[in-house]
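Novice: give me a model of this one.
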Amino acid sequence: MRITDVICVPGSSGFYFDDQKAIKEGIAHDGFFYDGEVRTPGFSSVRMAGEALSIILLLENGRFAVGDCAAVQYSGTGGRDPLFLAETFIPEIMREVAPLLIGKELSSFIELATMIDTVMIDGRRLHTAVRYGISQALLEAVSIAHGKLPVQQICSEYRLPIIPQPIELFGQCGDDRYAAVDKMILKGVDVLPHGLINEIETKLGRDGRLLKQYIRWIRDRIAQQRPGYSPVIHIDVYGTIGMIFDHDLSAMTDYLAGLQEDAGTHELYIEGPVDMGGKPEQIQMLTALTESLKAAGSPVKLVADEWCNTIEDIRDFTDARSCHMVQIKTPDLGSIHNTIESVLYCKAHGIEAYQGGTCNETDISAARSVHAALATRPERMLIKPGMGFDEGLTIVRNEMARTIELMRRGEAYA
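Specialist: The predicted model follows:
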């Protein structure tokens with residue numbers, strides 16, 4: 001079976017593009033807007049409506065396959081590709097990429113995804129969002145051609161066992177960090193709440209006190225509302241802990257170790273405790289902090305995020321044993337086969353894998369991510385898109401449940 005045509009359709013993503021640099025500097029909220037000047041090139045305002053671009057592949061048998069190009073909320077920072085505006089990329093896709101795809105035989109997902117991931121235009125690769133969306137469509141197209149579920153196609157090509165069991169799901173709350181925790185408790189997610197601690201004055205506190213209070217509140221709220229429920233607590237702090245302690249290793253270690261007391265019996269993961277402004281510096285500091293926590297006998301686990309954007313980065317952070325867990329942020333890696341191979345690399349080298357992503361994805365990219373996770377078995381998967389929690393949980397949990405049931409029955413996709 002071959003691809004007969006390529007169609008591009010602009011659309012909306014599940015959240016917004018935010019200028020992280022401006023937000024870290026403490027720029028003020030005005031309702032759902034931010035007041036102040038932008039700090040990241042490409043942004044016209046600190047918060048912009050998120051965009052997506054659907055790639056539709058028409059197939060010889062009259063069916064079609066879809067993937068969604070999407071980029072992370074904090075585009076253009078931490079070594080990532082610049083802001084993704086859908087209309088900007090349609091001419092390039094139709095001029096440079098569509099001719100490569102039309103007429104292609106749908107024999108191997110890995111081969112087609114690798115081809116798209118390595119296309120060079122004027123000395124540069126396609127934007128990560130474009131590679132991400134096209135690879136999703138290719139995964140579905142090849143699966144249709146072989147009469148398989150996407151998870152079955154991945155397992156077949158990577159020689160992985162088919163395991164019809166769910167992956168732990170991680171809820172993210174956005175700025176509604178109290179009501180969202182209540183929702184997560186009610187719906188019994190495995191890991192919560194992300195927290196969005198991306199600013200010091202009102203979220204972390206100059207001495208870290210506000211985060212300590214928040215973790216204690218989560219602990220007590222769970223005990224009050226659902227005794228016996230024991231989710232993992234996972235907080236993303238966007239490098240702000242390093243900022244308040246001026247990256248002093250001893251002070252950061254003491255503070256992080258102390259957070260476990262606030263979390264009680266819940267496992268505690270802290271994502272992005274530092275942001276050193278570059279990859280070598282990030283690996284060095286994160287490694288030192290991980291080793292310092294181990295020497296202190298602390299069970300707190302650190303998660304790498306910033307400056308860990310490509311499959312090569314993930315391998316480097318993993319090989320350095322710089323953390324306990326790596327976030328594999330799906331849109332940042334380009335083609336989804338890089339996500340698959342990154343999870344497998346982490347697992348093979350004794351580092352926990354968190355198949356993440358962004359609130360700024362779509363229903364389509366979230367569904368494709370479910371199949372990648374079910375095939376590769378990371379320790380957890382992000383609930384996405386959006387920051388409302390319920391909508392993302394509906395998309396991810398239901399796609400996972402349907403797929404697992406079909407896997408158990410051995411049903412074909414066609």
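Novice: list the contacts of the residue lying closest to residue 273 once chain neighbours are set aside.
Specialist: Once flanking residues are discounted, residue 273 sits nearest to residue 241: 4.5 Å by CB to CB, 6 or more residues apart in numbering. Placement of C-beta: from N, CA and C, glycine included. Shown in contact with residue 241 (CB atoms under 8 Å, 6 or more residues apart in numbering): 204, 208, 252, 255-256, 270, 273-274.
Novice: and those as a markdown table, adding neighbour count?
Specialist: Formatted as a markdown table, the contacts of residue 241 follow (neighbours: other CB atoms under 10 Å):
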| residue | neighbour count |
| --- | --- |
| 204 | 24 |
| 208 | 22 |
| 252 | 23 |
| 255 | 20 |
| 256 | 24 |
| 270 | 27 |
| 273 | 29 |
| 274 | 24 |
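Novice: for those residues, which one is nearest residue 124?
Specialist: Among the contacts of residue 241, residue 274 lies closest to residue 124 (CB to CB), at 29.7 Å.
Novice: follow-up on the earlier one: and the residue nearest to residue 273, how far is that from residue 22?
Specialist: 20 Å (CB to CB, to the nearest Å).
Novice: likewise for residue 32?
Specialist: With CB to CB as the criterion, residue 32 and residue 22 are 15 Å apart.
Novice: for residue 139, same thing?
Specialist: Distance from residue 139 to residue 22, by CB to CB: 36 Å.
Novice: with neighbour numbers in mind, choose between the two.
Specialist: residue 139 (28 against 20; other CB atoms under 10 Å).
Novice: thinking that one is in contact with residue 116, fair?
Specialist: No. Contact between residue 139 and residue 116 fails when scored by CB atoms under 8 Å: they sit 11.2 Å apart.
Novice: stretch 396-412: which residues count as buried?
Specialist: For stretch 396-412, burial by neighbour count (16 or more other CB atoms under 10 Å) applies to 396-397, 399-400, 403-404, 406-407.
Novice: how about CSV for these, with secondary structure added?
Specialist: Converted to CSV, these look like this (DSSP: H, G, I helix; E, B strand; the rest coil):
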residue, secondary structure
396, helix
397, helix
399, helix
400, helix
403, helix
404, helix
406, helix
407, helix
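Novice: residue 152: how many residues sit nearby?
Specialist: 24.
Novice: quick one, strands of the stretch 1-150 of the chain?
Specialist: Using DSSP state E, counting those that start in this stretch, the strands of the stretch 1-150 of the chain run over 3-18, 29-30, 33-34, 47-59, 64-69, 120-121, 124-125.
Novice: now swap in the stretch 251-400 of the chain and tell me
Specialist: Under DSSP E, counting those that start in this stretch, the stretch 251-400 of the chain gives strands at 268-271, 301-304, 325-328, 352-355, 380-382.
Novice: of these, which is nearest residue 312?
Specialist: Closest approach to residue 312 among the strands of the stretch 251-400 of the chain is made by strand 325-328 (12.6 Å; CB to CB).
Novice: and the spatially most central residue of the chain, how close does it get to residue 319?
Specialist: Note on the chain: the residue nearest the mean C-alpha position is residue 357, at 1.6 Å, using CA atoms, centre = their mean. Residue 357 sits 23 Å away from residue 319, going by CB to CB.
Novice: I'd guessed residue 396 sits against residue 167; true?
Specialist: No. Shown here, residue 396 and residue 167 do not form a contact pair, counting by CB under 8 Å, at 9.4 Å.
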